[in-house]
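Enquirer: Sequence and predicted structure below; questions after.
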Amino acid sequence: MVRLLHRFEEVGIGLLLVTMTLLVFFEVILRFFFNEGLLWAQELTLYLSAWLVLMGASWGLREGAHIGVDAAIKLLSPSMQKAVTLLALALCLVYCGLFLYGSWIYLSKMQMIGIEMEDLPIEKWKAMSCLVLGFCMLALRVCTIGYEVWTGNRQGFGLFDEAKESMHLAEELAGEMEDEYKEKEERKK
């Protein structure tokens, strides 16, 4: 099931990126060279980007691409880190649940009213169903991480450590500067 979710995210995000890129490219060519355009291209690109953001949030959580502030948590014992992580995951599930509930109500009302998109003959609730899908995927990802933390296969969220990356970059830069200094000194000799 988890592999299916991974594959769905990757294929979906890839298709969305390719579709958006080609659509914008085609629109630019039409406008620049032919002084024409597609009336519906901007609106479609907007909705595709909403789908991309909501699917990308789940993928980002999986890949550890979100930036986390965990300096205080790292000071705790491993058992306390696990407890705090599980509490944070539970709060994330509550957050997803609230958005799922609100999205469901919103989309239900949009369906009852029957409003269509401005430039395309598609009901707006269908285009905005990314809200429910995105938060369901995010909730599944949070549950997956929770299971991995609970069983000890993962420590924390596995988020991007900006401070660690910055230190790594600073060390590389210092090494390069030191190499340049040595080269200058050798040239002086």
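Expert: Ah, there it is. Numbering: from 1, shown residues only.

Enquirer: How many residues are close by Q42?
Expert: By the measure other Cβ atoms under 10 Å, the count of residues near Q42 is 14. For every residue, glycine as well, the C-beta is placed using N, CA and C.

Enquirer: Could you report the pLDDT at it?
Expert: Looking at Q42, its pLDDT is 92.

Enquirer: That one is in what secondary structure piece?
Expert: helix 41-63 (DSSP states H and E).

Enquirer: Can you show me the helices along the chain?
Expert: Ranges of helices in the chain, per DSSP state H, are 2-34, 41-63, 78-113, 124-127, 130-150, 162-188.

Enquirer: Centre of the chain to the last one, how far?
Expert: Right, the one you point to is helix 162-188. 33 Å (Cα atoms, centre = their mean, to the nearest Å).

Enquirer: Equivalent analysis for the second one, please.
Expert: Here the centre of helix 41-63 is set off from its chain's centre by 8 Å, with Cα atoms, centre = their mean.

Enquirer: which residues touch the closest residue to V24 other than its chain neighbours?
Expert: The shortest distance from V24 to any non-neighbouring residue, by Cβ to Cβ, 6 or more residues apart in numbering, is to T45 (6.1 Å). T45 is in contact with M20, L23, V24, counting by Cβ atoms under 8 Å, 6 or more residues apart in numbering.

Enquirer: Please spell out the segments of this protein that come in under the pLDDT threshold.
Expert: 67-69, 71, 158-166, 168, 189 (pLDDT under 70).

Enquirer: center of it - which residue?
Expert: The chain has A57 as the residue nearest its centroid, 2.7 Å off, counting by Cα atoms, centre = their mean.

Enquirer: Could you check how far it is from E178?
Expert: According to Cβ to Cβ, to the nearest Å, A57 stands 41 Å off from E178.

Enquirer: just V94 next, same as before
Expert: 50 Å.

Enquirer: What's the local residue count around the nearest residue to V132 once chain neighbours are set aside?
Expert: Leaving aside its chain neighbours, V132 sits nearest to S103 (5.0 Å; criterion: Cβ to Cβ, 6+ apart). By the criterion of other Cβ under 10 Å, S103 has 20 neighbours.
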